[in-house]
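Peer 1: For reference, the sequence and a predicted model appear below.
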Amino acid sequence: VQLQASGGGLVQPGGSLRLSCAAPGFIFDDYAIGWFRQAPGKEREAVSYISTGGGSAYVGSVRGRVTISRDSAKNTVYLQMNSLKPEDTATYYCAAGRPTIGTIESEYDYWGQGTQVTVSS
């Protein structure tokens, strides 16, 4: 299963982007979906995840600026990012799995190819 992450791009500081994660034929409601990011020269880190029950969590500096949501009808998970900062620049990946701890990437089974987010003036 290949997840498809999209919606990245170049945005000015303070701007917004909405990332999408989809996988045709894959029933997202059966899995927790996590978003991770990797900046150049840094390790990949968790950003947010949403459980099968709809519960969500946010990690670190994105709290208060990011919202994760599901659209079951469209079989898509979104990551709405507001008040973007240059330090948010990274490749963003979505992943699906049944993690015990949603912020641990090794607990996810399926990954997308990533979408680039660049925050710069």
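Peer 2: Arrived safely, thanks for sending.

Peer 1: show me where this protein has strands.
Peer 2: Taking DSSP state E as the criterion, the chain contains strands spanning 4-6, 9-11, 17-22, 32-38, 45-50, 56-58, 66-71, 76-81, 90-97, 108-111, 115-119.

Peer 1: Could you state which residue of this structure sits nearest its centroid?
Peer 2: In the chain, the centroid-proximal residue (Cα atoms, centre = their mean) is W35; its distance is 2.7 Å.

Peer 1: check contacts around the nearest residue to that residue once chain neighbours are set aside.
Peer 2: Once flanking residues are discounted, W35 sits nearest to V47: 4.4 Å by Cβ to Cβ, 6 or more residues apart in numbering. Yep, even glycine has a C-beta here, placed from its N, CA and C like the rest. Contacts for V47 were tallied using Cβ atoms under 8 Å, 6 or more residues apart in numbering; they are G34, W35, F36, R37, Y58, V59, V62, V66, L79, Y92.

Peer 1: Can I get those residues in CSV including pLDDT and distance to R18?
Peer 2: As requested, the contacts of V47 are exported to CSV (pLDDT from 0 to 100; distance: Cβ to Cβ, whole Å):
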residue, pLDDT, distance to R18
G34, 96, 17
W35, 97, 12
F36, 97, 17
R37, 97, 15
Y58, 92, 16
V59, 90, 19
V62, 92, 14
V66, 97, 10
L79, 98, 7
Y92, 98, 11
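
Peer 1: Max pairwise distance over the residues you listed: which two?
Peer 2: Greatest spacing in these, by Cβ to Cβ: Y58 and Y92 (13.8 Å).

Peer 1: Settle it for me: which of these two has more neighbours?
Peer 2: Here Y58 and Y92 are set side by side on neighbour count (other Cβ atoms under 10 Å), and the busier one is Y92, at 25 against 18.
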